[in-house]
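What shape does this take:
(one chain, ligands or ions: 2)
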Amino acid sequence: MQRTLLITGGAGFIGSHVVRLFVNKYPDYRIVNLDALTYAGNLENLADVKDKPNYTFEKGDITDEAFVDQLFTSYQFDGVIHLAAESHVDRSIMDPLAFIRTNVLGTAVLLNACRKYWQDSMEGKLFYHVSTDEVYGTLGAEGFFTEETPYDPRSPYSASKASSDHLVMAYHHTYHLPVIISNCSNNYGSHHFPEKLIPLAIRNIRQNKPVPVYGKGENVRDWLWVEDHARAIDTIFHKGRTGETYNIGGFNEWKNIDLINLLCMIMDKKLGRAPGTSAQLITFVKDRAGHDLRYAIDATKLNKELGWQPSLQFEEGLEKTVDWYLANEEWLQHVTSGAYQQYYEEQYQKR
Ligand code: NAD
Ligand code: DAU
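Numbers count the residues shown, from 1 in each chain. Ligands and ions are numbered 1, 2, ... in the order given. The predicted structure is shown next:
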């Protein structure tokens, strides 16, 4: 094998797309997927690559120092792509400490392992940290987040991600660890856990349940097709400059209410419902605490330096996403049985 890469969080939404891309595109890389299989991790997401000879799954927690140490001894990784995280803002409002544990402590454990195992030679090594645009805080009606925008996280989730970004850069400056960070906007596509807006709305529309829109639905997000994010990670991992940050975004801003109306139109068409039927399910509910108004990424640096750009128009990507969910009801049933019901009750009953 030419390289041995550790991908953390590979059983989650974005991680599974990254693992699939690397396993298929680089048959001479050994890909080791480390995932704790929390509620958000699901090995069904990787059913199509599980038997590939260059793929190995390791179940474990990134905060478990002894386990991570033993993994580095066994595999002698020369690269890490770190996606494992608690990733849902609403859950971070309910239980911030879980986010600090995984996102801050877990990242520090991985950085320490790299520092220890790569101390003799950092040549050819890379710790690639996958982060979020939410570290930059919120925008008003104008402007974009660039790589120079000061950090201003405003939820426990974004604060924990910002802390992890700072630790990554601190290890770079202090120990010369070769690192890269990318900060990406909202992803959408297949295998997205239905606690996030788009898959939750698809599921509820399918089941004729209310579609909860926080506040007045005026918050804006910049949506990116998840496979374009995975492609960007591949490009940055192989061609990016060490010590740099790259912003990744879709140049694709939508107000939540406009997005949900578009989704309702697509669902009406796919389900053979009369136009306007699904939109009747839209229900405005109590706003998210500290709800950031607008995110919008300026991905010019990534485009100019490394030639990456998004491949899909949003309408096309949204249709493909809906098609995937309608064709994979069994997947949806599996991930929403049990603990999901309790989460849903707690999150939405009082709104
Ligand atoms: P996700 O919640 O779908 O998946 C997270 C994965 O990490 C799961 O498989 C889970 O089992 C695993 N995990 C959680 N805690 C762990 C631990 N302690 N040890 C080992 N594994 C653990 O998340 P996602 O949406 O795929 O996001 C992946 C990464 O990308 C995160 O770091 C997130 O901050 C970042 N990100 C996400 C988005 C987005 O729109 N979803 C956008 C930008 C950046
Ligand atoms: O910007 C990148 C971030 O995008 C990632 O770092 C996070 O991991 C990811 O979860 C996502 O965060 P958001 O909070 O933007 O995503 P979410 O899907 O939870 O919400 C999108 C928007 O929709 C947000 O303005 C809140 C709103 N919303 C969400 C839910 C779940 C609703 O109106 N109703 C809902 O039921």
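
mind listing what the residue in the stretch 201-350 of the chain that ligand 1 sits nearest to touches?
Nearest to ligand 1, among the residues of the stretch 201-350 of the chain, is His229, at 7.2 Å (C-beta to the nearest ligand atom). Every residue, glycine included, has its C-beta placed from N, CA and C. Contact analysis of His229 by C-beta atoms under 8 Å, 6 or more residues apart in numbering lists 14, 17, 184, 187, 248.

and the helix or strand encompassing it, average pLDDT?
Assigned by DSSP states H and E, His229 belongs to helix 226-239. For helix 226-239, mean pLDDT rounds to 98.

Out of the contacts of His229, flag the one nearest to Asp292.
Cys184 (15.1 Å; C-beta to C-beta).

Just give the number of residues close to the closest residue to Tyr55 other than its chain neighbours.
Nearest residue to Tyr55, sequence neighbours excluded (C-beta to C-beta, 6 or more residues apart in numbering): Val23, at 4.8 Å. Val23 is flanked by 23 other residues according to other C-beta atoms under 10 Å.

same question, Phe13
Counted by other C-beta under 10 Å, the residues lying close to Phe13 total 24.

what's the answer for Asn247, then?
25.

Over to Gly338?
Neighbour tally, Gly338, other C-beta under 10 Å: 10.

thinking again about what came up before, so which elements touch whichever strand or helix holds the residue nearest to Tyr55?
Element membership for Val23, per DSSP H and E: helix 13-25. Using 3 or more C-beta pairs under 8 Å, 6 or more residues apart in numbering; DSSP states H and E, the elements in contact with helix 13-25 are strand 3-8, strand 29-35, helix 226-239.

The ones you listed: which one's closest to Lys59?
Between these, strand 29-35 lies closest to Lys59; by C-beta to C-beta that is 6.7 Å.

Could you check that closest one against ligand 1 for contacts?
Yes - using C-beta under 6 Å from any ligand atom, strand 29-35 comes into contact with ligand 1 via Asp35.

so what does the helix or strand following that strand touch, helix or strand wise?
Downstream of strand 29-35, the next assigned helix or strand under DSSP H and E is strand 55-59. In this structure, strand 55-59 makes packing contacts with strand 29-35, judged by 3+ C-beta pairs under 8 Å, 6+ apart.

And for the strand it packs on, what's in contact with it?
By C-beta under 8 Å, 6+ apart, the list of residues contacting strand 29-35 reads 1-12, 15, 19, 22-23, 41, 46, 54-60, 62, 68, 71, 75, 77, 84.

just stretch 144-151 next, same as before
For stretch 144-151, using C-beta under 8 Å, 6+ apart, the contacting residues are 133, 135-137, 139, 162, 165-166, 183, 244-247, 249, 295-298, 300-301.

The residues you listed, buried ones only, as a ChimeraX selection?
Buried subset of the contacts of stretch 144-151, written as a ChimeraX selection, criterion 16 or more other C-beta atoms under 10 Å:
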select :133,135,136,137,139,162,165,183,245,246,247,249,295,296,297,298,301
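
So which of the contacts of stretch 144-151 are in helices?
Using DSSP state H, 162, 165-166, 300-301 are the members of these that sit in helices.

hmm, back to that, among the contacts of stretch 144-151, which lie within strands?
Judged by DSSP state E, those include 183, 245-247 as members of strands.

What spatial separation is found between the residue nearest to Tyr55 and Leu139?
37 Å (C-beta to C-beta, to the nearest Å).

how much space between the residue in the stretch 1-150 of the chain that ligand 2 sits nearest to and Trp225?
For the stretch 1-150 of the chain and ligand 2, the shortest gap (C-beta to the nearest ligand atom) falls at Thr132, measuring 3.1 Å. Distance, Thr132 to Trp225, by C-beta to C-beta: 17 Å.

Enumerate the residues of the stretch 201-350 of the chain near ligand 2.
212-214, 219, 221, 256, 288, 295.

5 Å instead?
Residues of the stretch 201-350 of the chain found near ligand 2 (C-beta under 5 Å from any ligand atom) are 212-214, 219, 256.

Helices of the stretch 201-350 of the chain, residue ranges please.
Counting by DSSP state H, counting those that start in this stretch, the stretch 201-350 of the chain has these helices, from start to end: 226-239, 256-271, 300-306, 314-327, 329-336, 339-348.

Point out the most buried one among those helices.
Greatest average neighbour count among the helices of the stretch 201-350 of the chain goes to helix 226-239 (a mean of 20), per mean count of other C-beta atoms under 10 Å.

got the angle between it and helix 13-25?
If you take axes from the mean of the first three to the mean of the last three C-alpha atoms, to 10 degrees, helix 226-239 sits at 60 degrees to helix 13-25.

Any chance of CSV for the helices of the stretch 201-350 of the chain, columns distance to Arg30?
Formatted as CSV, those follow (distance: least, C-beta to C-beta, whole Å):
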stretch, distance to Arg30
helix 226-239, 15
helix 256-271, 39
helix 300-306, 25
helix 314-327, 29
helix 329-336, 27
helix 339-348, 33
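
Please name whichever of these is nearest to Asn103.
Of all those, helix 226-239 comes closest under C-beta to C-beta, at 17.9 Å.
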